[in-house]
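Student: Prediction below, plus the sequence it came from.
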Amino acid sequence: MRYLPPRYLFRRAEILRSIVPGDRFLEVGAGDLTLTTELLDHFGSGIALEPSENPERFLLTLDQDVQARLEVQSSELDAFEPPGTFDCVVSCEVMEHVEDDAGFARSLVQNLRPGGQLIVSVPAHMRFWTVHDQLVGHLRRYDRAQLVTLFSNAGCTDIDVRSYGYPWINLLRLPRLILAKLQQDERSEMTTAEQTASSNHRQIPAGLASSPVRFLTRPALVAPLAFISRAFNRLDRSDGFVVVAKRR
């Protein structure tokens, strides 16, 4: 049983409840395909982009049915040559690593069919900036108004910015900061690209990932807390945003 980071589980709950099912999706920055496989429950097929080396190795661990419906490409978004447009484009914890975030947002939207759904997650509020952001290659955190302007200019409508996971994911800030301090010497020697490549799930120490804690980080255990947190989605108190929008 794999360790699933709690912050990911709250983000996952918000994303999956928002999905409008369709024929085909694109995920940008798919990592180890943890979320990707669940997106396939809502779509006939999908393409997963992950610029790290040999992401296809994750696909080979999945069931044959999943492999038949999912294409994995080791590619950045700006080098991707899409075979048409998609019903849904998802990108989690990627845009804050990109220098030209406005261009990145436009590229995401351009891969959508008109009326298609866009789902993006980013870290929230520069007031929450810590050494952790620096060590995982973040260039910025976002405010609600910034995101509305960014995606409106990129061609979106019905932009819904949700401050997900409060108060639970805010409680994770101290453990995340402690982890960053422990990894500071190692990560400070990395380039920004290397920091980005080893962020998110790949930042979790092997000892923690194989510890009994992994039995507590399950979607079913987080689901009631995620449901409660939805009451706070309109407030700006969480340290993470999920943006749900449509292509104009």
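Tutor: Cool, got the structure.
Student: Just want the most central residue of this structure.
Tutor: Cys92 (1.7 Å; CA atoms, centre = their mean).
Student: Settle this for me: Val242 is touching Ile169, isn't it.
Tutor: No - Val242 lies out of contact with Ile169 (CB atoms under 8 Å); the separation is 11.4 Å. (Each C-beta comes from the backbone N, C-alpha and C, glycine too.)
Student: Outside of stretch 128-145 itself, list whatever touches it.
Tutor: Under the contact criterion CB atoms under 8 Å, 6 or more residues apart in numbering, stretch 128-145 has outside partners 96-99, 101, 122-126, 150, 161, 163, 173, 176-177, 179-181, 183-184, 187-188, 192-196, 198-200, 203, 236, 239, 241.
Student: For the helix ranked longest in the chain, which helices and strands make contact with it?
Tutor: In the chain, assigned by DSSP state H, the helix with the most residues is helix 173-187. Helix 173-187 sits against helix 131-135, with contacts defined as 3 or more CB pairs under 8 Å, 6 or more residues apart in numbering; DSSP states H and E.
Student: chain center to the following helix or strand past the longest helix of the chain, what's the gap?
Tutor: Counting by DSSP states H and E, the element after helix 173-187 in chain order, helix or strand, is helix 192-197. When distances are taken as CA atoms, centre = their mean, to the nearest Å, helix 192-197 is centred 16 Å away from the chain's centroid.
Student: Check which helices and strands helix 192-197 is in contact with.
Tutor: Checking 3+ CB pairs under 8 Å, 6+ apart, helix 192-197 ends up next to no helix or strand.
Student: circling back: from the contacts of stretch 128-145, list just the buried residues.
Tutor: Among these, those classed as buried by neighbour count (16 or more other CB atoms under 10 Å) are 96-98, 101, 122-125, 150, 161, 163, 176, 179-180, 183, 187, 195-196, 198-200, 203, 239, 241.
Student: Can you tell me how far the residue nearest to the centre of the chain is from Arg214?
Tutor: 21 Å (CB to CB, to the nearest Å).
Student: Please save the CA atoms from whichever helix or strand Val148 is part of in CSV.
Tutor: Using DSSP H and E, Val148 sits within helix 144-153. Extracted C-alpha coordinates of helix 144-153, given in CSV (Å, rounded to 0.1, in the frame of the first residue of the first chain):
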residue,chain,number,x,y,z
ARG,A,144,-7.6,34.6,-6.1
ALA,A,145,-7.8,37.8,-8.1
GLN,A,146,-4.5,37.0,-9.9
LEU,A,147,-6.0,33.6,-11.0
VAL,A,148,-9.2,35.1,-12.2
THR,A,149,-7.4,37.6,-14.3
LEU,A,150,-4.8,35.1,-15.6
PHE,A,151,-7.4,32.6,-16.8
SER,A,152,-9.8,35.2,-18.1
ASN,A,153,-7.0,36.6,-20.3
